[in-house]
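# no letters, just coordinates:
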Ligand SMILES: C[S@@+](CC[C@H](N)C(=O)[O-])C[C@H]1O[C@@H](n2cnc3c(N)ncnc32)[C@H](O)[C@@H]1O
């Protein structure tokens, strides 16, 4: 993993400072998930929390016919591997900061190109993919920097699908109390803030709605934002 600014970087000073100050936090989050990776694939947790947005994004990619796809903050690679196996695109990348999560992902599939790098500094070439997706991870990213990277690696007209926590949702406060996430290092944008963030980064909103969830997981407060790269 290399989260440092390359020597020849021409990134504006503000971005460099933001990325630099974020590095400590990224390391902590990556270390946390390396430990959490041991329990992460637990069936009920997956079914209730993580699977509904993954199903929805898989469906979206299927309808779009995307051929070069990158899953950012892919974790143990459950969705990334499903994309590779169920959609058989030309290229699928699974990218994550946490070595522990990626170690599990690598065991899951050899069809995916797994990469240990931060969302804020991807190693992929410019305009090299036609879909960037991310599930239950965006609230950990430095969002303006990550979105600038998503814009850079996407081809014009490419698809961006972000599944993120929505703290304005009806069940957000009770869910936070229950899970203790009120004091987490995560930063979840409101729906309008998300639209502002993606618009500033050069994307055009296509749709935004609460994730379609079965009744037993409906209190989980998250949304799906879909956009295209201008
Ligand atoms: C809650 S897990 C979600 C994993 C997977 N997307 C899913 O739906 O199951 C969040 C993941 O985001 C990763 N992550 C957090 N911050 C990151 C960053 N700045 N760059 C890349 N990955 C990051 C963590 O290591 C973790 O694996």
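Noted; the coordinates are in hand. Predicted model, so just to flag it, every value in this text is computed and none were measured. Residues are numbered from 1 along each chain as shown.

# let me see the contact set for the residue of the chain found nearest the ligand.
Nearest to the ligand, among the residues of the chain, is residue 75, at 2.5 Å (C-beta to the nearest ligand atom). Bear in mind the C-beta positions are built from the backbone N, C-alpha and C, glycine included. Neighbour list for residue 75: 33, 37, 40, 96, 98, 101, 105, 136, 137 [criterion: C-beta atoms under 8 Å, 6 or more residues apart in numbering].

# tabulate these (TSV), appending neighbour count.
Below are the contacts of residue 75 laid out as TSV (neighbours: other C-beta atoms under 10 Å):
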residue	neighbour count
33	22
37	20
40	18
96	28
98	27
101	24
105	25
136	20
137	24
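
# just these that are near the ligand?
Contacts with the ligand within the contacts of residue 75, counted by C-beta under 6 Å from any ligand atom: 33, 96, 98, 101, 136, 137.

# can you list the residues that contact the helix or strand containing residue 147?
Per DSSP states H and E, residue 147 falls inside helix 143-153. Applying C-beta under 8 Å, 6+ apart, the contact partners of helix 143-153 are 15, 18-19, 22, 70, 72, 119-122, 124-129, 132, 138, 160, 187, 189, 197-198, 200-203, 229.

# hang on, residue 227 packs against residue 201?
No - in this structure residue 227 lies outside contact range of residue 201 using C-beta atoms under 8 Å: 9.1 Å.

# the more surrounded of the two?
Taking other C-beta atoms under 10 Å, residue 227 and residue 201 do not tie; residue 227 has more neighbours (25 against 21).

# identify the residues contacting that one.
Applying C-beta under 8 Å, 6+ apart, the residues near residue 227 are 159, 160, 162, 198, 203, 204, 205, 206.
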